[in-house]
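> Quick one, structure for this:
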Amino acid sequence: MTRTDSPSNASRTAFWARCFSIFCGVAAIAALALYTRFGWGPDSAQAQQTAPPVPRAKVTAAPRTPAATTPAPAKTPVAVPAKDVMATVNGEQIKQADLAAECLRHYGSDVLETMVNKFLITSECKKRNVVVTEQEVKTEIDRMAERFGVPTDKWLELLETERHISPDQYAKDIIWPTIALRKLATSQLNVTPQEVRDAYETQYGPAVQCRLIACDSLENAQKIREQALAKPDDFPNLAKQHSVDPNSASAKGLIQPIRKHLGDKKIEAAAFSLQPGAISDILQVADQYVFLKCEKHLPARDVKLEGKIQQVLVEAIRDKKLRLVADDVFAKLQEQSQVELIFNDPDKRAAQPEVAAIVNGQQLLTRDMAAECVKRHGPEMLDAMISRRLLDQACRQKKIAITPADVDQEIAHAATLMGKLDAQGRPDISAWLVEVTENNSVPVEVYKNDSVVPSVMLKKLVGQGVEVTEADLQKGFDANYGPRVRCLAIVMDNQRRAQEVWDKARKNLNEKFFGDLAEQYSTDASTRVLRGEIPPIQKHGGEPLLEKEAFALNDADPMSGIIQVGDQFVILYYQGLTQPSVPDFATVRNDIYADLYEKKLRLAMATEFDRLQENARIVNELTGETHLPKQTAKSSAKNPAAIQQTEYAPAAKKPAPPRR
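Prediction:
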């Protein structure tokens, strides 16, 4: 393929990487929707790129027509909405052209790459008379929903909520190309009987439950293995203290059961050769040195390789092969194609602003790309533009100006907070900009405009109203350097079950039995795996009721009552107090002050934005959502029409996170 201004190989395959991530990462999506993590206090005061990110303006949603469950892939580009005004913020309009320009600036290159890749697939399908019908798209969506055990409508809702993928986009840009590629690559997707047998053994065959310790050098691995051989029962603590793999170390070395034909062949062979309690030799895996301890062998499941089980395995193997051959199929298509990306080259874009790309002599138009950008990212981008307009209005009202020096100072502050310092201890702005922009794939100017400038605006709007008192400093000192309570915890999501478990623990009050109950009943994965072990509970950590109960426990009365934390129910078992090395208050006072000031500043900035938002009049024409000023909403309570627009309207959807 001749491709002018061609992106890297990684960029060329980004489209299919995004498509297939839906298939390989969907279990994580479901977990995000169904699993609620229990928190043990707030995170440390580390500012993200700039602190805080700009909130999104909330609006009240008017009822909308539900999206079709299985929309057919469109054959022509989607038109930009006909309305010229996309939103009105306190009487100021945000025009369609402004929204399209912002969407192109943020997402144009990604959307263009998707359009070019899809164009190549579509052209090849036409050339080879490959047809993907609307029914095939519907059937595939239903199959994916069934595969993960949810109704189709819930599956589509989950994708839209957790991945911001609309049903229309899912059908057109993921399912349709996937089916098309499957048909184009039919000859490479044959499944052999041996592959089915291997997949069956992976899924239903025997497994080995092990603990693992990973080291960064052979010398360290040999030393730690000698300690483990001398005292095998200390293996969990050795893993916790020394393993360089944080995931398994946090679970005292416990890893998912090792199965055949699934991962590293050396580890599989070592695991299946061990007897319970035995420790393996040291194995080099990539740049690490690992060794295992066998906990137990798990027998094969009594499931026969026939019927639906065999069908599911065959489909899974085909999906896996499809992911593997996608790049090869694309490479062949690209070799036969000529692609010139106009939009990605500033000089070419200036000369041909109406053309986004030329593919095999056919033009992809910028207006069509803009329409696709708005369709995919318009609501999210418009939320950000509304938020920015609120800040602009507030700064104009108070005659606040943002200078280049303010922006540079804020970037330096962010670099300092994130530990990006040069050899002289000064903020390394260049290194920070490289990290924050390259890691998030955004240009420096976008980072400044979307993150830095709004942060500066909020800080200036807050002014000098942030105060750290001596009482605050003392609480900060106690939280960071005071004693903490070591506890076991059982976390449950059902009060009745919590009462039953609490009664069991009360009747057999000892630490081992409490750990057994945590392993059996805790709905929090971490406390279940670690038999109730949690980080020591500090004072002023953000959960006052939990802290009060923890610090009231003692050896004579070691078990708490049932503590409700959010929508979860917690039982604690006292193990003692930590004895920290307490520094002199004067030596740490400045550090505590800086930490607390940053937290209070971020809180004040968020509060100020909430105030601006509550008093704003916002009409979002793109989504049909409206927000009235707080005072107006109260005064219009006697008007039934006004009540329908405010108090009785559906709850506003959760704002999308800002693009970094």
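
> List the buried residues in the strand or helix carrying Ala414.
Assigned by DSSP states H and E, Ala414 belongs to helix 404-417. Neighbour counts over helix 404-417 (16 or more other Cβ atoms under 10 Å) mark Asp406, Val407, Glu410, Ile411, Ala412, His413, Ala414, Ala415, Thr416, Leu417 as buried. For every residue, glycine as well, the C-beta is placed using N, CA and C.

> with the residues you listed in mind, which one is nearest to Leu159?
Comparing the buried residues of helix 404-417 against Leu159 with Cβ to Cβ places Ala414 closest, at 33.2 Å.

> That closest one contacts Leu433, doesn't it?
No - counting by Cβ atoms under 8 Å, Ala414 does not reach Leu433; the two are 9.7 Å apart.

> Now pLDDT and distance to Ala239 too, for the buried residues of helix 404-417, in a markdown table please.
Listed next are the buried residues of helix 404-417 as a markdown table, based on pLDDT from 0 to 100; distance: Cβ to Cβ, whole Å:
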| residue | pLDDT | distance to Ala239 |
| --- | --- | --- |
| Asp406 | 93 | 48 |
| Val407 | 93 | 46 |
| Glu410 | 92 | 42 |
| Ile411 | 92 | 40 |
| Ala412 | 92 | 41 |
| His413 | 90 | 39 |
| Ala414 | 89 | 36 |
| Ala415 | 89 | 35 |
| Thr416 | 87 | 35 |
| Leu417 | 84 | 33 |
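
> Switch the residues you listed over to JSON lines; also include distance to Lys539.
Compiled in JSON lines, the buried residues of helix 404-417 are given as follows (distance: Cβ to Cβ, whole Å):
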{"residue": "Asp406", "distance to Lys539": "37"}
{"residue": "Val407", "distance to Lys539": "38"}
{"residue": "Glu410", "distance to Lys539": "33"}
{"residue": "Ile411", "distance to Lys539": "35"}
{"residue": "Ala412", "distance to Lys539": "33"}
{"residue": "His413", "distance to Lys539": "29"}
{"residue": "Ala414", "distance to Lys539": "29"}
{"residue": "Ala415", "distance to Lys539": "32"}
{"residue": "Thr416", "distance to Lys539": "28"}
{"residue": "Leu417", "distance to Lys539": "24"}
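
> Looking at those residues, which one is closest to Leu322?
Leu322 lies nearest to Ala414 out of the buried residues of helix 404-417, by Cβ to Cβ, at 42.0 Å.

> mind listing what's buried in the next helix or strand after the helix holding Ala414?
Sequence-wise, the next helix or strand downstream of helix 404-417 (DSSP H and E) is helix 429-438. The neighbour-count check on helix 429-438 (16+ other Cβ under 10 Å) flags Ile429, Trp432, Leu433, Val436, Thr437 as buried.

> Next: stretch 605-616.
For stretch 605-616, burial by neighbour count (16+ other Cβ under 10 Å) applies to Met605, Ala606, Glu608, Phe609, Leu612, Gln613, Ala616.

> Out of the residues you listed, the closest to Glu533 would be?
The nearest member of those to Glu533, counting by Cβ to Cβ, is Ala606 at 33.6 Å.

> Quick check: which element contains the closest one?
Using DSSP H and E, Ala606 maps to helix 585-614.

> before we move on, what about Glu102?
Glu102 belongs to helix 96-127, assigned by DSSP H and E.

> average model confidence for that helix?
For helix 96-127, the mean per-residue pLDDT is 90.

> what's the answer for stretch 613-628, then?
The average pLDDT within stretch 613-628 is 91.

> to the chain's geometric centre, what's the distance from it?
The chain centre lies 27 Å from the centre of stretch 613-628; the measure is Cα atoms, centre = their mean, to the nearest Å.

> That one: end-to-end distance?
9 Å (Cα to Cα, to the nearest Å).
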